[in-house]
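Undergrad: Return atomic coordinates for the entry below.
(2 chains)
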Amino acid sequence: MVIERKWKKWFVFYIPMAVFIVFTLFPFYWMAVTAVRPDGELYRTWRQASATPFWTLQPTLEHFEGLLRTTAFPHWLWNTMLIAMVSTLISLICGMFAGYALARLKFRGSEFLGTAIFVTYLVPQTLLFIPLADIIRDLHLGNTPWALMLTYPTFLIPFCTWLLMGYFKTIPKELEECARIDGATRFGAMVRIIFPVSIPGILSAGIFAFTLSWNEFIYALIFMSSAELKTVPVGVVSELIRGDIFFWGQLMAGALLGSIPVALVYSFFVEYYVTGLTGSVKG
Amino acid sequence: MANVTIRNLNKNYENGFHAVKDVNLEIRDKEFMVLVGPSGCGKTTTLRMVAGLEEITSGDIMIGKDVVNDLPPMDRNIAMVFQNYALYPHKSVYQNMAFGLQMRKYPKDEIDKRVREAADILGIQPLLERKPRQLSGGQRQRVAVGRAIVRHPEVFLFDEPLSNLDAQLRVQMRVELKRLHERLETTAIYVTHDQVEAMTLGDRVVVMKDGWVQQVGEPLELYEKPANRFVAGFIGSPAMNFVEVTISDSGGALWADAAGLRLKVPPQMVERVRAHTGKRATLGMRPEALHLASGSDHADFCFDTAVDVVEPLGNEILINFRAGGAAMVTRVDPSVRVKAHQNVRVALDPGRVHFFDETSGAAI
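TA: Residues are numbered from 1 along each chain as shown, chains lettered A, B, ... in the order given. Next comes the predicted model:
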């Protein structure tokens, strides 16, 4: 019996888990290895006797150096950070108020509006960039960070609104009613009670919004043309692939450095972020 | 310092549900008024309208001399305790209690004084720095009450505050609430679905059903003189026994007849019941108005039956049986020895009989 159960655990838990972990982490491992692999190893054939495709014996930082020296990577990083933060902030503020209104205020058509906002999130960016490009040109915002700071919210606000609306709905109505009896206005109750209580939800909306704008590609590709104004995803791809030459080492070094901030943000807030998606508030 | 007057109060929801119908109440200063009724009877809606959390469809609510119909909750000088406590989870107990005073811009030392005073009354001083999630149900309830009393409001509103507690704690908190009310001498409106709570806490009790007020009165008045069949059945546990009877006149006396049951209408009731001669009516008898017959009981007030189930509760015994086509129960002294299926003769205390109109249910 005991032996049988042990085997069962291997089959239903350990082995699937191991497969899952390998599948998930292998691309990251490959990225890291490629980033430190010397060019000599990168561009030789696999059939060579001394080839070691899964590890390297002469790790080097030359790609990182090259990336930082020859490209505008620090600029890209800074641009991405700034744009992601500003657009996240704009979207969070709008999303908090809109989400609260949709969750709590009863007005004609509030349900329809909730669905409509969600539907706008489903419109693919590949369609939306055409009219947006028109607007950006008319407002003379092309090739400035504002082009992205103002267009990212078009998909971030619906997302934040929807997520926060769901979160606000899990908060007992009585909390707010009690605050209103205690002497707060509706707005006061929202700001002093509902928002602080919703921090897990707000943080997870923020993290998602941040990641979405950090990784955004199409708008960044279309609205930004100067090399030093690009964001990391666009910059890495457009500056490090010249014709059919892939600078694999620098590409991967850029990807690695670019993913570190997002990984840091996630690991800091991981607990909040889980309760934000699953948990509710108990009075 | 505040009486609450409710005049012709109505509440229609947008979906057409008429939750509160023409409620008129006069709650006196310092009175503890309990609204009781089954769920959906409009008691909570009435309370929420007094609080200002629900809009009034028509009618007036006055606190003291002011009509408060259109005042927001914050301007009504009331405090409310909710069923789920509604403590602010991100604030400590102290901050929870201080919040209402901070919003009203009280000076810091006054807030501190009041919070400590309330904590003292409720015995929660050691908990002041804790967060609500670190408290037990009873402690949370105390904090919720504390948050209400620091404000020194004119009216306390309680919305089923004890229903989330376990039975033992509920009895204990009930006593504490009563003691607290005596100490604070503030008008209180208390909503519950538990008739025992209503009877033990209320100076007066309002029984509601389907949005209508059924009866307003002191607890014993409701028990002794229920205005209609609903109140008679709702107040008291076990509930009053009801038998559908026909009133007949024979030999100069009035009789109540049902299958296998023939009881004389007691002399003090004859006057009122006479008008129903030949018609059907409902006969109501409290479990303690029935007892096992002895030689001194008059045969006109006795009937024979067989015991169905015996429930020995220690301080009393409940004997279940069927008579006149209805299940009935009597409450007897624990020294009485009876067994299931035993034939017994049950006697009725003629002074404690109720008759209700068959159609309207009103007491005759």
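Undergrad: What is the burial count for A:Ala263?
TA: By other CB atoms under 10 Å in any protein chain shown, 10 other residues sit near A:Ala263. Where C-beta positions appear, they are placed from N, C-alpha and C, glycine not excepted.
Undergrad: Where do the helices of the stretch 201-350 of chain B begin and end?
TA: With DSSP state H, counting those that start in this stretch, the ranges of helices along the stretch 201-350 of chain B come out as B:219-224, B:229-234, B:267-273.
Undergrad: Out of the ones you listed, which one sits most buried?
TA: helix B:229-234 (a mean of 23; mean count of other CB atoms under 10 Å in any protein chain shown).
Undergrad: So which other helices or strands are in contact with that helix?
TA: Applying 3 or more CB pairs under 8 Å, 6 or more residues apart in numbering or on different chains; DSSP states H and E, we find helix B:229-234 packed against strand B:204-209, strand B:212-217, strand B:241-250, strand B:280-285, strand B:353-357.
Undergrad: now, of those, which is deepest in the fold?
TA: Mean neighbour counts were taken over these using mean count of other CB under 10 Å, and the top value, a mean of 24, falls to strand B:204-209.
Undergrad: Double-check B:Glu316 against B:Thr330; I have them as touching.
TA: No: in this structure B:Glu316 lies outside contact range of B:Thr330 using CB atoms under 8 Å: 10.0 Å.
Undergrad: the more surrounded of those two?
TA: When neighbours are counted by other CB under 10 Å, B:Thr330 comes out ahead of the other of B:Glu316 and B:Thr330, with 27 against 15.
Undergrad: List the contacts of the more buried one.
TA: The contact partners of B:Thr330, taken as CB atoms under 8 Å, 6 or more residues apart in numbering or on different chains, are B:287-288, B:290-292, B:318-319, B:321, B:346.
Undergrad: Now for the nearest residue to it once chain neighbours are set aside: which residues touch it?
TA: With CB to CB, 6 or more residues apart in numbering or on different chains as the criterion, B:Thr330 has its nearest non-adjacent residue at 3.8 Å, and that residue is B:Leu290. The neighbourhood of B:Leu290, defined by CB under 8 Å, 6+ apart, consists of B:241, B:328, B:330-331, B:346-349.
Undergrad: and those, which are buried?
TA: Neighbour-count burial (16 or more other CB atoms under 10 Å in any protein chain shown) is assigned, among these, to B:241, B:328, B:330-331, B:346-348.
Undergrad: who in the stretch 101-250 of chain B is up against chain A?
TA: Within reach of chain A by CB under 8 Å from any CB of the partner chain, the stretch 101-250 of chain B has these residues: B:103-104, B:132-133, B:140, B:147, B:151.
Undergrad: sec struct for the residue of the stretch 151-300 of chain B found nearest chain A, please.
TA: Nearest residue of the stretch 151-300 of chain B to chain A (CB to the nearest CB) works out as B:Arg151 at 7.6 Å. Under DSSP: H, G, I helix; E, B strand; the rest coil, B:Arg151 falls in the coil class.
Undergrad: Now do the same contact list for it.
TA: For B:Arg151, counting by CB under 8 Å, 6+ apart, the contacting residues are A:182, B:79, B:100-101, B:104.
Undergrad: From A:Met149, how far out is it?
TA: B:Arg151 sits 46 Å away from A:Met149, taking CB to CB, to the nearest Å as the criterion.
Undergrad: ok, residue 229 - contacts?
TA: Went with chain A since none was named. A:75, A:79, A:143-145.
Undergrad: that answer is for a different chain, and I need it for chain B
TA: Neighbour list for B:Arg229: B:242, B:282, B:284, B:356, B:361-363 [criterion: CB under 8 Å, 6+ apart].
Undergrad: Please report the distance of B:Asp60 from chain A.
TA: B:Asp60 sits 20 Å away from chain A, taking CB to the nearest CB, to the nearest Å as the criterion.
Undergrad: I'd guess that residue is in a helix, am I close?
TA: No: remark: B:Asp60 does not belong to a helix; assigned using three-state DSSP, it is strand.
Undergrad: Now do the phi/psi pair for the closest residue to it other than its chain neighbours.
TA: If you skip the residues right next to it in sequence, B:Asp60 has B:Arg7 as its closest partner in space, 4.4 Å away by CB to CB, 6+ apart. Taking degrees, to the nearest 10, you get phi -120, psi 120 for the backbone angles of B:Arg7.
Undergrad: Let's see the longest helix anywhere in chain B as PDB, backbone CA atoms only.
TA: Across chain B, the longest stretch assigned as helix under DSSP state H is helix B:167-184. Extracted as PDB, the C-alpha positions of helix B:167-184 are listed here (Å, rounded to 0.1, in the frame of the first residue of the first chain):
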ATOM      1  CA  ALA B 167     -25.800  30.300  20.800                       C
ATOM      2  CA  GLN B 168     -24.000  30.600  24.100                       C
ATOM      3  CA  LEU B 169     -22.200  33.900  23.200                       C
ATOM      4  CA  ARG B 170     -25.500  35.300  21.900                       C
ATOM      5  CA  VAL B 171     -27.200  34.900  25.300                       C
ATOM      6  CA  GLN B 172     -24.200  36.500  27.000                       C
ATOM      7  CA  MET B 173     -24.100  39.500  24.600                       C
ATOM      8  CA  ARG B 174     -27.900  39.900  24.900                       C
ATOM      9  CA  VAL B 175     -27.500  40.500  28.600                       C
ATOM     10  CA  GLU B 176     -24.600  42.800  28.000                       C
ATOM     11  CA  LEU B 177     -26.500  44.800  25.400                       C
ATOM     12  CA  LYS B 178     -29.400  45.200  27.800                       C
ATOM     13  CA  ARG B 179     -27.100  46.300  30.600                       C
ATOM     14  CA  LEU B 180     -25.400  48.700  28.300                       C
ATOM     15  CA  HIS B 181     -28.700  50.300  27.200                       C
ATOM     16  CA  GLU B 182     -29.600  50.800  30.800                       C
ATOM     17  CA  ARG B 183     -26.300  52.500  31.400                       C
ATOM     18  CA  LEU B 184     -26.300  54.700  28.400                       C
END
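Undergrad: Perfect, I'm done here.
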